[in-house]
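[1] got a sequence here, can you build the structure:
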Amino acid sequence: MSYDMKKEKKYPDNVVWSDERGYYAHLLPYATNVGAPVIIPDNISTWKNEKILKTNHYFNKKYEEIKEQYNKLVEEFEWNQMVYSANYNFQPIIGEKYYLYRRNNGETFLSLITPTEWRQEFIGEFELDSDNKWKKIKYGQ
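    Numbering: from 1, shown residues only. Modelled structure (predicted):
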């Protein structure tokens, strides 16, 4: 047999055909004939840009919130470190107010005496909370 005789039956490009399935255009979710309406994808660039702006705004806002929380945490840590490293010869009671001072030599100490009762460099007023963290009540002058 010659090569021409073995040629398979050709179908036009617009016909959905396979040897396994045969003609299966009715199974497709879109039209396959020449007279079918043209499928034009929607232009979603406006929608996409709007969603990108909203999402970026959300992430920027969340970032700023986390950054602010981090800064507060660092400040709280530094105050706690300063108070715990200060000199004091008593066991602080939870919920009581204490006063942090600096001596002329730069040494810090914690006291029960209020700033109005003597002349020391007042750093701040603190209270020990139930988590054993020093809560800053107010700064010194």
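[2] which element is Glu65 on?
    In the assignment (DSSP states H and E), Glu65 maps to helix 45-85.
[3] tell me which other helices or strands that helix touches.
    The elements that helix 45-85 packs onto, with contact taken as 3 or more CB pairs under 8 Å, 6 or more residues apart in numbering; DSSP states H and E, are strand 97-102, strand 108-111, strand 121-128, strand 134-139. Using the backbone N, CA and C atoms, a C-beta is placed for each residue, glycine as well.
[4] can you put these in JSON lines and add distance to Glu50 and mean neighbour count?
    Conversion of the helices and strands packed on helix 45-85 to JSON lines gives the following (distance: least, CB to CB, whole Å; neighbours: other CB atoms under 10 Å):
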{"stretch": "strand 97-102", "distance to Glu50": "52", "mean neighbour count": "19"}
{"stretch": "strand 108-111", "distance to Glu50": "55", "mean neighbour count": "17"}
{"stretch": "strand 121-128", "distance to Glu50": "48", "mean neighbour count": "18"}
{"stretch": "strand 134-139", "distance to Glu50": "44", "mean neighbour count": "14"}
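[5] so which of these is nearest Ile39?
    Among the helices and strands packed on helix 45-85, strand 134-139 comes nearest to Ile39, with 65.4 Å by CB to CB.
[6] what lines up beside the closest one in the sheet?
    Partners of strand 134-139 in the sheet, by DSSP bridges, are strand 121-128 (antiparallel).
[7] Provide the contact partners of the partner strand at residue level.
    With CB atoms under 8 Å, 6 or more residues apart in numbering as the test, strand 121-128 has contacts from 79, 82-83, 92-103, 108, 110, 115, 134-141.
[8] make it 10 Å
    With contact meaning CB atoms under 10 Å, 6 or more residues apart in numbering, strand 121-128 is reached by 79-80, 82-83, 86, 91-104, 106, 108-111, 114-116, 133-141.
[9] got the CA positions of that strand in CSV?
    Provided in CSV are the C-alpha atoms of strand 121-128 (Å, rounded to 0.1, in the frame of the first residue of the first chain):
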residue,chain,number,x,y,z
GLU,A,121,17.6,63.2,90.3
PHE,A,122,14.2,61.7,89.7
ILE,A,123,13.9,59.2,86.8
GLY,A,124,10.4,57.9,87.1
GLU,A,125,7.6,56.4,89.1
PHE,A,126,7.0,52.7,88.8
GLU,A,127,4.6,50.0,89.9
LEU,A,128,5.3,46.3,90.0
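[10] lovely, talk soon.
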